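Enquirer: one predicted model, sequence on top.
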Amino acid sequence: MAQFEEVSQKSKLHPKPEGLTLQYGTAGFRTHAKHLDHIMFRMGLLATLRSKKTKSTIGVMVTASHNPEEDNGVKLIDPMGEMVTAAWEGYATQLANAEQDSLLKELKDIIKKEDIDMSEPASVYVGKDTRPSSASLSQAVLDGVSSLGGKTHDYGLVTTPQLHYMVCCCNTHGCYGSPTVEGYYQKLSQAFLQLTQNALNRTDDQKRLLVDGANGIGALKMREMEPFLRSELQVVLSNDGSSGKLNHMCGADYVKVQQKAPQGMNMGVGERCCSFDGDADRIVYYYTDSKGCFHLLDGDKIATLISTYLKELLTQAGLNLQIAVVQTAYANGSSTRYLEDVMKVTVCCTKTGVKHLHHAAQEYDIGVYFEANGHGTVLFSKAAQKQIQELVKDPNTNDERKRAVKLLESTINLINQTVGDAISDMLMIEAVLAIRGMSAQDWDAIYTDLPNRQLKVTVCADRRVIDTTDAERRAVSPEGLQDTIDTLVKKYKSARSFVRPSGTEDVVRVYAEADTQESADSLAHEVSLAVYRLAGGIGDEPKPLH
Ligand code: 16G
Ligand code: MG
């Protein structure tokens, strides 16, 4: 068939290095950019098949998020703007690893398994981050799509969540918004301005926010969006990409892991600051107090702030909707306790990785999900959205209820429900703080984090010798490991610990928390030793931290 002839010809321009195998991991393919050209071409092919199969537009985003600038990666976006389903992650790995001469065979195998009608049209939206390698790699994606006869729309430089938004807008025929960058700014800024109208007497100081753009796409897009916010948010942008290197000593991952402010940010005492990651789908907040002490406001604090606000609005609106917060095992124990015991909201725990949280959040009327590292958003079920919209229009709704449902309506418009979005989350947080008249310190004071420590252990065999259950909170293998962890945890107060194989690095991760930093450090070390001994650690034995 002529269709496959072109794939065959063009694929020679994007050859696979022999022997190289890569896996579609937690967040797509990610490695050094020099290994990715063939992957991009093939993901263009796969996205075209997915589009034919779903009879919808599919997205392909070229980015390696918080990884170093030299790396790159690719993620596929499904019709409603969510991440591609697990079965197709498997196809992605299959296609990526096919040697050059069996590429067509694997392609036809997927077509057959999925019973794809090749006469269907295909449409693929493509976006990229600011890495130097992204230009040629996204061209390889475009080549892949066109070689299978698919139509492309190249959005060029966009944040990951912007591309998710575009895909959703397209497949809902405009119901979610207009599929342009301008449409995105308009939708979010209008909702933000409506919300902040409810915050009275804000001073310029309260409107000021220091933003670390990680020297990436988020900085670029923040600049574009600024005029739409009409000074209701006064952004002081640092690490805007004009001189520094992407993610280098800056960005959400750096701030979260190092527990310190990024380079290049001039923070005054108590000033609200936030950092985006390299593709702007993650955000953390922070400030320094009068003693110069750094305070991180992570995904758990964000989930608490937003869910508390939503719960209050539901009560005021007299709406009986179930709200739940979805976390992972990394959520600080204090946040879970606060949400369950004080806020009385349902808390559920899933495996690490945005797609797991997203799916769990879809089970509720309102699902607030955040990973501690700052990935997250809020999902409103169709039924919940309908109830809210009807109440806004109902002439019998009294003023107090009307105010609350209108706030809920604007909140729905402000939050990017397709995926965690640093810009949308930031505007949401700013609006909540403004409406409630809260400073960063007030927010931080909602609960106090338990001291914690994260370590990693390298093991000689496949790191999946560590098998887990109960949302990664308990290890089922190797034998004896969980019993040892249980015994160690009992030695400390308010303690908790778990181990899991990383989905992005060849290591086993260890997490521990306890009532003091010394105890958390010591527990983390003891559990690392247990992993090292029972799961075949390599290199030197883990040393105590103190
Ligand atoms: C990926 C995930 C993130 C998760 C992290 C865990 C997405 C978009 N990203 O970056 O959610 O927290 O992996 O990494 O799903 P780890 O498995 O190495 O601990
Ligand atoms: Mg990211």
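Expert: Happy to help now that I have it. Ligands and ions are numbered 1, 2, ... in the order given.
Enquirer: okay, the residue most central in space within the chain: pLDDT?
Expert: Centroid-nearest residue in the chain: His375, 3.5 Å away (criterion: CA atoms, centre = their mean). For His375, the pLDDT comes out at 97.
Enquirer: go ahead and confirm it touches Val284.
Expert: No - using CB atoms under 8 Å, His375 makes no contact with Val284, being 10.1 Å away. All C-beta atoms are positioned from the backbone trio N, CA, C, and that covers glycine.
Enquirer: hey, what's in contact with both of those two?
Expert: Applying CB atoms under 8 Å, 6 or more residues apart in numbering, one finds that His375 and Val284 are jointly contacted by Gly299.
Enquirer: below-threshold pLDDT in the stretch 151-300 of the chain: ranges please.
Expert: The stretch 151-300 of the chain contains no residues with pLDDT under 70.
Enquirer: what does it have sitting close to ligand 2?
Expert: 277, 279, 281-282 (CB under 5 Å from the ion).
Enquirer: if we can go back for a sec, the residue nearest to the centre of the chain: what's it in contact with?
Expert: Applying CB under 8 Å, 6+ apart, we find His375 in contact with 281-282, 299, 354, 357, 420.
Enquirer: name the member of these with the most neighbours.
Expert: Tallying neighbours with other CB atoms under 10 Å puts Asp281 at the head of those, with 33 neighbours.
Enquirer: which non-adjacent residue is nearest it?
Expert: Thr160 (4.5 Å; CB to CB, 6 or more residues apart in numbering).
Enquirer: residues contacting Val325?
Expert: Applying CB under 8 Å, 6+ apart, the residues near Val325 are 303-304, 307, 339, 345-348, 368-370.
Enquirer: do the same with Arg473
Expert: By CB under 8 Å, 6+ apart, the contact list for Arg473 reads 329, 349, 498.
Enquirer: go through those and flag which are in strands.
Expert: Mapping the contacts of Arg473 onto strands (DSSP state E) picks out 349, 498.
Enquirer: next, give phi and psi for Val368.
Expert: Main-chain torsions, Val368, degrees, to the nearest 10: phi -100, psi 120.
Enquirer: and it, how far is that from ligand 1?
Expert: The gap separating Val368 from ligand 1 is 16 Å, by CB to the nearest ligand atom, to the nearest Å.
Enquirer: swap in Met438?
Expert: Distance from Met438 to ligand 1, by CB to the nearest ligand atom: 27 Å.
Enquirer: quick one, phi/psi of that residue?
Expert: phi -100, psi 140.
Enquirer: equivalent analysis for Glu541, please.
Expert: phi -60, psi 140.
Enquirer: OK, contacts around it?
Expert: Counting by CB under 8 Å, 6+ apart, Glu541 touches 529, 532.
Enquirer: one more time with 6 Å, if that's ok
Expert: Going by CB atoms under 6 Å, 6 or more residues apart in numbering, Glu541 touches Tyr532.
Enquirer: now stretch 322-332: how far from the chain's centre is it?
Expert: How far stretch 322-332 lies from its chain's middle: 14 Å, per CA atoms, centre = their mean, to the nearest Å.
Enquirer: report whether it contacts ligand 1.
Expert: No - with CB under 6 Å from any ligand atom as the criterion, ligand 1 is not reached by stretch 322-332; the gap is at least 7.4 Å.
Enquirer: so which bits of that stretch are buried?
Expert: The neighbour-count check on stretch 322-332 (16 or more other CB atoms under 10 Å) flags 323-332 as buried.
Enquirer: now do stretch 111-123
Expert: Of the residues in stretch 111-123, 111, 116, 122-123 count as buried by neighbour count, 16+ other CB under 10 Å.
Enquirer: for Cys274, give the beta-bridge partners.
Expert: Using DSSP bridges, the bridge partners assigned to Cys274 are Val211, Tyr285.
Enquirer: what is the burial count for it?
Expert: 26.
Enquirer: separation between it and ligand 1?
Expert: On the measure of CB to the nearest ligand atom, Cys274 and ligand 1 end up 18 Å apart.
Enquirer: and if you look at Thr418?
Expert: With distances taken as CB to the nearest ligand atom, Thr418 is found 12 Å from ligand 1.
Enquirer: list the contacts of that residue.
Expert: Contacts of Thr418 by CB under 6 Å, 6+ apart are 81, 164-165, 168.
Enquirer: next, the buried residues of the lowest-mean-pLDDT helix or strand in the chain.
Expert: Comparing helices and strands within the chain by mean pLDDT, DSSP states H and E singles out helix 2-11 as the least confident, with a mean of 90. For helix 2-11, burial by neighbour count (16+ other CB under 10 Å) applies to 4, 7, 10-11.
Enquirer: packing partners of that helix?
Expert: With contacts defined as 3 or more CB pairs under 6 Å, 6 or more residues apart in numbering; DSSP states H and E, the packing partners of helix 2-11 are helix 134-147.
Enquirer: and the following helix or strand past the helix it packs on, what's buried?
Expert: The helix or strand immediately downstream of helix 134-147 is strand 151-157, counting by DSSP states H and E. Residues 152, 155, 157 are the ones in strand 151-157 that count as buried (16+ other CB under 10 Å).
Enquirer: give the other helices and strands that whatever helix or strand comes next after strand 151-157 contacts.
Expert: Note on strand 151-157: by DSSP H and E, the next helix or strand toward the C-terminus is helix 160-171. Helix 160-171 is packed against strand 57-62, strand 123-128, with contacts defined by 3+ CB pairs under 6 Å, 6+ apart.
Enquirer: can you do 10 Å?
Expert: When contacts are defined as 3 or more CB pairs under 10 Å, 6 or more residues apart in numbering; DSSP states H and E, helix 160-171 sits against strand 57-62, strand 71-77, strand 123-128, strand 151-157, helix 181-196, helix 217-225, helix 422-436.
Enquirer: for it, the distance to its chain's centre please.
Expert: Helix 160-171 has its C-alpha centroid displaced from the chain centroid by 15 Å (CA atoms, centre = their mean).
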